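Participant: based on what follows, work out the 3D shape:
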Amino acid sequence: RTRLRHRLGHQAMTVLEFARASAAVTGYDLFGNPTMAPTASLIEVSVQRGDQLALDSAGDNEVLRLLFAVPEAVRR
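Facilitator: Predicted coordinates for the structure are as follows:
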């Protein structure tokens, strides 16, 4: 199983869960340039599903793109 979890402080919650999937993580700086530096202001998680979500009636295998903004206070 593949799980995408979001951690906030000492708590974590599962955002998505798949039986089969592959994922990639990319960070972007303030200018939209890809970076893996701790100064990234936007994180993109791309998930290629190997199965469909339980609530997904379409059943397609498109790539899910999730974007997470990184607050300035936690950037270094």
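Participant: give me the low-pLDDT residue ranges for the chain?
Facilitator: Flagging of the chain using pLDDT under 70 yields the residue ranges 51-61, 75-76.
Participant: strands along that one, start to end?
Facilitator: Counting by DSSP state E, the chain has strands at residues 2-8, 11-18, 21-28, 34-35, 42-49, 63-69.
Participant: dump the ones you listed to a markdown table, plus mean neighbour count.
Facilitator: Where C-beta positions appear, they are placed from N, C-alpha and C, glycine not excepted. Formatted as a markdown table, the strands of the chain follow (neighbours: other Cβ atoms under 10 Å):
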| stretch | mean neighbour count |
| --- | --- |
| strand 2-8 | 11 |
| strand 11-18 | 12 |
| strand 21-28 | 15 |
| strand 34-35 | 13 |
| strand 42-49 | 16 |
| strand 63-69 | 12 |
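Participant: pretty sure residue 34 contacts residue 24?
Facilitator: No. Under the criterion of Cβ atoms under 8 Å, residue 34 is not in contact with residue 24, lying 11.1 Å apart.
Participant: what's across from the closest residue to residue 15 other than its chain neighbours in the sheet?
Facilitator: Residue nearest to residue 15 in three dimensions, not counting chain neighbours: residue 4, with 4.8 Å by Cβ to Cβ, 6 or more residues apart in numbering. Beta-bridge pairing for residue 4 (DSSP bridges): residue 16.
Participant: roughly how far apart are residue 4 and residue 17?
Facilitator: Distance, residue 4 to residue 17, by Cβ to Cβ, to the nearest Å: 8 Å.
Participant: next one: residue 68
Facilitator: According to Cβ to Cβ, residue 68 and residue 17 sit 17 Å apart.
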